[in-house]
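S.K.: curious how this folds, go ahead:
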Amino acid sequence: MSYLFSKRTLVQYFEQQKINLQAEVENSDPNYLLRVSESDFQEYLVSRYGLETPRLFGDQIYQHEPKDADISIKRDDPRFISMGPNAWLKPSHTKIRGTAITISIPFEGNAELFKYQPSTFTDIPPQGKIVNQEIQLMYQLIRPDVEELTRRYSQDLGKIKKYLSWVARDVAAFNQSLPQFAQDLITRRKQKLLEDRNMSAALGIPIKRREDAPRTYAVPSVRRKPMAERPKV
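M.R.: Got it, this is the predicted structure:
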């Protein structure tokens, strides 16, 4: 397993989302932007670039079949002593056959958010592996120990839930800032387009239109959210 919530900061991820949103506005076809409903376009942008904090499905948690595992331990590991009275005869670093247990926690929401550190965090973040829309928690045991496994799993799950609560707080603030951010970009871009066209019209010289210029404007839908489909004009 690797550390979750530790690749970069959420602030950096939020900034990238805003950069992507701005790029879409600036790269939109001028005719489309001048004709589309501002409120519809704004709502589309907020839906497309807004984020959804992962929500765990506690009632769908399951474990995989136990598997054999070669567990590497050192002489100073407490488990080394548990190997029996002759443990001292073994090398200072050895491998023994144990058991690997994997527990999967399904979730919905943006899986990318498991990579980023929220504004509130601890020195040691939780560990896990994101596979599709599941968190996999993996444990290695020298011998069956339900009490120890339950303790470690409960502790790890509690850490993940706490981090998600911190992520949710940051995401809520980010999502709240998006409508005004998107509206300001739309307004500025439309204002510039109108100023450019007024200047061009004032020259009194005909404009040659591109033959391949589209007459209708529609943008491919985005699968993440139903609303994230560009409004048509």
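
S.K.: count of neighbours near residue 24?
M.R.: When neighbours are counted by other CB atoms under 10 Å, residue 24 registers 18. Heads up, the C-betas are built off the backbone N, CA and C, glycines and all.

S.K.: hmm, residue 108 is touching residue 132, no?
M.R.: No: look at residue 108 against residue 132 with CB atoms under 8 Å: they stay out of range, at 11.4 Å.

S.K.: these two: which is more packed in?
M.R.: Between residue 108 and residue 132, residue 108 has the larger neighbour count (other CB under 10 Å), namely 12 against 9.

S.K.: pLDDT value on the closest residue to the more buried one other than its chain neighbours, please?
M.R.: Sequence neighbours aside, residue 55 is the residue nearest to residue 108 in space, at 5.5 Å (criterion: CB to CB, 6 or more residues apart in numbering). Note on residue 55: pLDDT of 98.

S.K.: I'd like to know how far residue 98 sits from residue 144.
M.R.: According to CB to CB, to the nearest Å, residue 98 stands 10 Å off from residue 144.

S.K.: more crowded one of those two?
M.R.: residue 98 (19 against 11).

S.K.: could you say what helices and strands the helix or strand harbouring that one packs with?
M.R.: Using DSSP states H and E, the element containing residue 98 is strand 93-108. In this structure, strand 93-108 packs against strand 55-56, strand 62-63, strand 67-74, strand 134-141, helix 146-203, with contacts taken as 3 or more CB pairs under 8 Å, 6 or more residues apart in numbering; DSSP states H and E.

S.K.: so which of these is the most packed in?
M.R.: Among the helices and strands packed on strand 93-108, ranked by average contacts under mean count of other CB atoms under 10 Å, first place goes to strand 134-141 (a mean of 19).

S.K.: contact partners of it?
M.R.: Contacts with strand 134-141, where a contact means CB atoms under 8 Å, 6 or more residues apart in numbering, come from 1, 4, 56, 69, 71, 98-107, 114, 127-130, 148-149, 152-153, 156-157, 160.

S.K.: and for stretch 156-167?
M.R.: So stretch 156-167 is contacted by 4-5, 10, 53-56, 105, 113, 116, 118-122, 125-128, 135, 137 (CB under 8 Å, 6+ apart).

S.K.: take those residues and keep only those in strands.
M.R.: 55-56, 105, 116, 127-128, 135, 137 (DSSP state E).

S.K.: dump these into a markdown table; add distance to residue 172 as well.
M.R.: Output for the ones in strands among the contacts of stretch 156-167, formatted as a markdown table (distance: CB to CB, whole Å):
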| residue | distance to residue 172 |
| --- | --- |
| 55 | 13 |
| 56 | 17 |
| 105 | 22 |
| 116 | 15 |
| 127 | 26 |
| 128 | 23 |
| 135 | 21 |
| 137 | 27 |
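
S.K.: centre-most residue in the protein?
M.R.: Taking CA atoms, centre = their mean, the centroid of the chain lies closest to residue 112, which sits 1.8 Å from it.

S.K.: can you count the residues close to the residue nearest to residue 49 when sequence neighbours are not counted?
M.R.: Excluding the flanking residues, the one nearest residue 49 by CB to CB, 6+ apart is residue 21, at 4.4 Å. Neighbours of residue 21 under the rule other CB under 10 Å: 19.

S.K.: ok, now which ones touch residue 21?
M.R.: 45, 48-49, 178, 181-182, 185.

S.K.: where in the protein is pLDDT low?
M.R.: The model of the chain has pLDDT under 70 over residues 75-93, 210-227.
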